[in-house]
Every structure is written in structure tokens, then in C-alpha cells.
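Enquirer: with the sequence up front, the predicted model follows.
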Amino acid sequence: MVRTLLIAFILGLSFNSFSMRKKKQLALIESCKILSEKRSIFAGTSMPVTMSFALETGEVVYSNKGARFGFRDFNISISGSGKRKWCGKRKMTLGSYYNALNDPYIHINAQMIEKPEISYSISIPIHFKGRYSLSYNGSTGDCGARGHDANNVEVYVSRVDFPRGENNLLHIQRILG
């Protein structure tokens, strides 16, 4: 009985000291950044992002390279034409919408939970330069057309203004008959 209590006490102290160490390390953070491998994201795809932290000591640590803190220590909000697909301590995966014409950016705001004065905002542009393929084979169910005859698909193509730059995009709309 005494042995069990002693083991529980030692484990409790070790967990408590671990959390104190993390809190002390969180207090050393001076600033943070959200990093992505690419400067923009192709509409309808996903992209991983990580965080970097500048410490008072001058050291820079990264969430994906063994830092004790990461995305879970921040309140993260995502707006614009994107969403959070997955978020762990070390990495977050963003998804972009195909119909990102009105706001062709993924806006991310991160604010530290322990020190709310430390925050970072970034807007990642969404681009449409790439390949799209459409498959309306009703027998396999591609594009939600399961059970429909592919002969009854109507496709409308129009040009729409793109708010970023002086470009136009093709807007393709399908109607299953």
C-alpha cells in the first residue's frame, strides 16, 4: 500500500514538473510564424503548414522539429476560402475550396493561449493555374453522378471576373438531367 502511494506520488511530481517546464518554455516565446512550403495553394487541394517560434534566448524552434509546443498551444481561426482538414501539435493541414472566387485567400489567425499578446496572421493566396479533369461516367459514380446516364449532363461555361488582378476565369457548372 505504501509502495503504491509512493509510486503515485513520484509519478504525480514528475508530471507536474513536466508541465511546469513546458509553461516556462512557453513564457520564453517572443513571436511566432506560420510557415508553408509553398507561397500559394491550388484551388481544391490541401497543404501542410507548421509553426516557428522565436525565443527570448535568440533561438528559433519549429513545431515539426521537436519543440514541446505547437498548434495545440494556440487558438487558430481560419476564414476566407479555406478550412482546417487536420490539426495536430506539430502540423496542420489546410484545404482550399474550388469556388474561391469572392475571397481567393485562406486567412489564418493564431493567438497563443498562455500569452494572448503573441499572435500571427497570414493570408495564403489560392490560385487556379493547374489541371482540372471532369469525369461524368454515371455508372461509376464519379462527381456525384451515381446512377445517372452520362448523356443527360449539361455543362455551362462562362467567364467571371477574378478579384485579384485583371484576370477572368472560366466558370463551369454542370447540371444532371
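Expert: Perfect, I can see it now.
Enquirer: what sits against Ile76?
Expert: Contacts for Ile76 (CB atoms under 8 Å, 6 or more residues apart in numbering) come out as Arg84, Cys87, Met92, Ile108, Asn109, Ala110. In short, each C-beta sits where N, CA and C put it, glycine included.
Enquirer: with Gly80 as the reference, measure out to the fifth one.
Expert: Meaning Asn109. 11 Å (CB to CB, to the nearest Å).
Enquirer: more neighbours: which of those two?
Expert: Between Asn109 and Gly80, counting by other CB atoms under 10 Å, Gly80 is the more crowded of the two (19 against 16).
Enquirer: number of nearby residues for the residue nearest to that one when sequence neighbours are not counted?
Expert: Here the nearest residue to Gly80 in space, its sequence neighbours aside, is His107; by CB to CB, 6 or more residues apart in numbering that works out to 4.3 Å. Residues near His107, counting by other CB under 10 Å, number 15.
Enquirer: who's His107 bridged to?
Expert: Taking DSSP bridges as the rule, His107 bridges to Ser79, Ser123.
Enquirer: thought it was touching Lys83?
Expert: No. Contact criterion CB atoms under 8 Å: His107 and Lys83 do not qualify, at 11.5 Å.
Enquirer: can you tell me the centre-most residue of this structure?
Expert: Closest residue to the average C-alpha location of the chain: Leu94 at 2.8 Å, with CA atoms, centre = their mean.
Enquirer: contacting residues around it?
Expert: By CB under 8 Å, 6+ apart, the residues touching Leu94 are 41, 46-49, 78, 82-85, 106, 108, 124.
Enquirer: just the CA coordinates of whatever helix or strand it lives in, formatted as CSV?
Expert: For Leu94, the host element (DSSP states H and E) is strand 92-96. C-alpha atoms of strand 92-96 as CSV (Å, rounded to 0.1, in the frame of the first residue of the first chain):
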residue,chain,number,x,y,z
MET,A,92,-1.9,21.5,-39.5
THR,A,93,-3.3,20.6,-42.9
LEU,A,94,-5.4,23.2,-44.8
GLY,A,95,-7.9,22.6,-47.5
SER,A,96,-8.9,25.2,-50.1
